[in-house]
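> Fold the following, please.
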Amino acid sequence: MTNQPLLVLSEQRLRHEVQRALAAAAATHYEMVRNRCLIAACLLEFLGGLTLIGLSFHVTGEDFGKALFLGGLIVGYLGPVWTWIMATWRGGE
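Now for the predicted structure:
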């Protein structure tokens with residue numbers, strides 16, 4: 001008794017499937033690198049906001065301190081959120 005393959009694929013089909021698998025791997029790698037860059041940008045914005053909040057406690061002048069504090073809240077908390085939203089928004093998909 002001989003073994004027969006259940007499915008016989010042409011060389012062209014095999015090359016197409018290999019190219020498709022390589023393209024999927026490249027897209028996955030691109031998304032991973034992109035997400036790491038977004039996380040780094042969000043962390044920098046958060047640290048920048050914390051720096052502004054910390055600086056607001058060490059400046060003279062009531063209005064300038066409040067402005068730095070509120071600016072630090074906006075940059076530190078809303079900056080990363082909007083960075084992530086705008087980077088992942090696909091224009092109505």
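> Need the contact partners of the helix or strand residue 68 falls within.
Here residue 68, judged by DSSP states H and E, is contained in helix 62-73. Helix 62-73 has contacts (Cβ atoms under 8 Å, 6 or more residues apart in numbering) with 49-57, 59. Glycine gets a C-beta too; all of them are placed from N, C-alpha and C.
> what do you get if the cut-off is 6 Å, keeping everything else the same?
Identification of contacts with helix 62-73 by Cβ atoms under 6 Å, 6 or more residues apart in numbering yields 49, 52-53, 55-56, 59.
> Pull the most distant pair out of these.
Among the contacts of helix 62-73, the pair separated by the greatest distance (Cβ to Cβ) is 49 and 59, at 15.8 Å.
> Pick out whichever of the two has more residues nearby.
Each of residue 49 and residue 59 has its neighbours counted (other Cβ atoms under 10 Å); residue 49 has more, 20 against 14.
> Now do the same contact list for residue 85.
Residue 85 touches nothing, counting by Cβ under 6 Å, 6+ apart.
> Show the backbone phi and psi for it.
Main-chain torsions, residue 85, degrees, to the nearest 10: phi -60, psi -50.
> Could you report the pLDDT at it?
pLDDT recorded at residue 85 is 90.
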